[in-house]
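Undergrad: dropping the sequence and predicted coords here.
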Amino acid sequence: MSFKLSSIGVLAVLLARVQATPLMQATEAYPLLPTWKCTSSGGCVQQNTSVVLDTVAKLASGAASSRTAADYTAMGVDVSGDAVTLYHYVNGAAASPRIYLLGADSKYVEMSLLNGEISVDVDFSALPCGENGAFYLSSMAADGSGGTASGGAGAGAGYCDAQCQGYCCNEMDILEANSMATAMTPHPCKGNTCDKSGCGYNPYASGQKSFFGPGKTVDTSKPFTVLTQFAASGGKLSQITRKYVQNGKQIGGGGTISSCGSEGTTGGLTGMGQALGIGMVLVMSIWNDPAQQMAWLDAGSDGPCTSGEGTPSNIQSQHPDTHVVFSNIRWGDIGSTSKN
């Protein structure tokens, strides 16, 4: 289960304003974030990629209605080398940024990952209960068309997901996590019928209560690499596998997903594979959940967090510097992105 944003009413108002207010793309300065596309035969080749903030976030900050460039730092996005840090709070105010990977052609990068893999180095050490550092894929149009916002990919427009924000589309949650819990969840869609709950794998919920967390098998007090593979058989997605690498050693047992609902209803795992084959857009965000306190991810049978621990007010008062770091993003053939 995943819910990307909770203030739906506020978003509806902002999206209406986006439609009425054209973005000044010419003044946009996209932070460069190099990534690597890999093949088994040729190794990894650096890509000239950058990140663009979601258009709604820019409108909320006032950038979309002004003729000045968006201030990424003020909106919680800090890029240094191949690492991007997303801060939930900036100067005491909620920023909660969502960003997309942009190519040199000013279109979203479409990653074709059927029978492929993606790896990313992550640091979740500053994400407490109730926070979600999300690294996922969406079947957004490369040019940013569709949905309610205008301006194209260069404006951060065109968002869609399986919760039907923007519009309904396939969503592959590679990683939703904080320092206490994690889940990977395919959300296939067939037309406007989406598997909104998804078919997730959460180590804690599967009984691996000592697998993921501070000082555990995957020690979230330190950085580590997340490797996700999308194996195909006969041209169809057959299995999603999670592996971790930390301190130079590969850690198995991260979980596998080999089925996902009804093909006839939502497309199932086959539909998810078709979306991966066509190409999906990389999305990164940080957010919290006033409605459910992220309990579906990290509390009860899904994690060790307690009731009330993950409220936004508690996070802001106790962890005002909460942030997530994603770096060294690589994608390509299975076995091509990691030496471990």
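TA: That came through, no problem. Numbering: from 1, shown residues only.

Undergrad: from now on I want contacts and neighbour counts done on CA atoms only, so please keep to that.
TA: Will do.

Undergrad: double-check G147 against G158; I have them as touching.
TA: Yes - between G147 and G158 there is a contact at 5.3 Å, judged by Cα atoms under 8 Å.

Undergrad: what is the neighbour count of G92?
TA: 11 (other Cα atoms under 10 Å).

Undergrad: follow-up on the earlier one: please enumerate the shared neighbours of G147 and G158.
TA: Shared contacts of G147 and G158 (Cα atoms under 8 Å, 6 or more residues apart in numbering): G166.

Undergrad: looking at the two, which has the bigger crowd around it?
TA: The neighbour comparison of G147 against G158 (other Cα under 10 Å) goes to G158, with 24 against 18.

Undergrad: please save the CA atoms from stretch 245-261 in CSV.
TA: Below are the C-alpha coordinates for stretch 245-261, written out as CSV (Å, rounded to 0.1, in the frame of the first residue of the first chain):
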residue,chain,number,x,y,z
VAL,A,245,25.0,-4.5,-0.7
GLN,A,246,26.7,-3.1,2.4
ASN,A,247,30.3,-2.9,3.5
GLY,A,248,31.3,-4.6,0.2
LYS,A,249,29.1,-7.7,0.8
GLN,A,250,25.9,-8.7,-1.0
ILE,A,251,23.0,-9.5,1.4
GLY,A,252,20.4,-11.8,0.1
GLY,A,253,17.0,-12.4,1.6
GLY,A,254,15.6,-9.1,0.6
GLY,A,255,12.5,-10.7,-0.9
THR,A,256,10.9,-11.8,-4.2
ILE,A,257,7.6,-11.1,-5.8
SER,A,258,6.4,-13.6,-8.4
SER,A,259,2.7,-12.7,-8.7
CYS,A,260,0.5,-9.6,-8.4
GLY,A,261,-3.3,-9.8,-8.5
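
Undergrad: what comes into contact with it?
TA: Residues outside stretch 245-261 that contact it (Cα under 8 Å, 6+ apart): 186, 195, 198-203, 218, 223-227, 238-244, 267-269, 340.

Undergrad: which of those are buried? Put it as a ChimeraX command.
TA: Per 16 or more other Cα atoms under 10 Å, the buried members of the contacts of stretch 245-261 correspond to this ChimeraX selection:
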select :186,195,198,199,200,201,202,203,218,223,224,225,226,227,238,239,240,241,242,243,244,267,268,269
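
Undergrad: narrow the contacts of stretch 245-261 to those in strands?
TA: 186, 218, 224-227, 238-244 (DSSP state E).

Undergrad: for the residues you listed, which one is nearest Y167?
TA: P186 (17.0 Å; Cα to Cα).

Undergrad: what residues are up against the closest one?
TA: Taking Cα under 8 Å, 6+ apart, one finds 171-174, 198-200, 260, 269, 272 in contact with P186.

Undergrad: show me where the stretch 51-200 of the chain has helices.
TA: 55-61 (DSSP state H, counting those that start in this stretch).

Undergrad: tell me who's in contact with Q229.
TA: Q229 sits next to 115-118, 240-242, 334 when contact means Cα under 8 Å, 6+ apart.

Undergrad: what helix or strand is it on?
TA: Assigned by DSSP states H and E, Q229 belongs to strand 224-233.

Undergrad: any figure for the gap between the residue nearest to the spatial centre of the chain and Y100?
TA: Note on the chain: the residue nearest the mean C-alpha position is F135, at 2.4 Å, using Cα atoms, centre = their mean. Using Cα to Cα, to the nearest Å, we find F135 at a distance of 10 Å from Y100.

Undergrad: ok, Y201 touching T185?
TA: Yes - between Y201 and T185 there is a contact under Cα under 8 Å: 6.4 Å.

Undergrad: quick one on the thing from earlier: who's in contact with the residue nearest to the centre of the chain?
TA: If a contact means Cα under 8 Å, 6+ apart, then F135 has 173-176, 282-285 as its contacts.

Undergrad: of the residues you listed, closest to R330?
TA: Once Cα to Cα is applied, the member of the contacts of F135 that ends up nearest R330 is L282, at 11.5 Å.

Undergrad: pLDDT score assigned to the residue nearest to that closest one when sequence neighbours are not counted?
TA: Nearest residue to L282, sequence neighbours excluded (Cα to Cα, 6 or more residues apart in numbering): L137, at 4.7 Å. Looking at L137, its pLDDT stands at 98.

Undergrad: and L137, bridged to which residues?
TA: Beta bridges link L137 to M172, L282 when assigned by DSSP bridges.

Undergrad: so how many other residues sit close to it?
TA: 25.

Undergrad: R98 reaches K58, doesn't it?
TA: No - with contact taken as Cα under 8 Å, R98 and K58 are classed as non-touching, separated by 10.1 Å.

Undergrad: hey, which helix or strand in this protein has the poorest pLDDT?
TA: Across the helices and strands of the chain, mean pLDDT, DSSP states H and E gives its lowest value to helix 8-20, namely a mean of 41.

Undergrad: and T182, what does it touch?
TA: Residues in contact with T182 (Cα under 8 Å, 6+ apart) are 175-176, 202-203, 212, 297-298.
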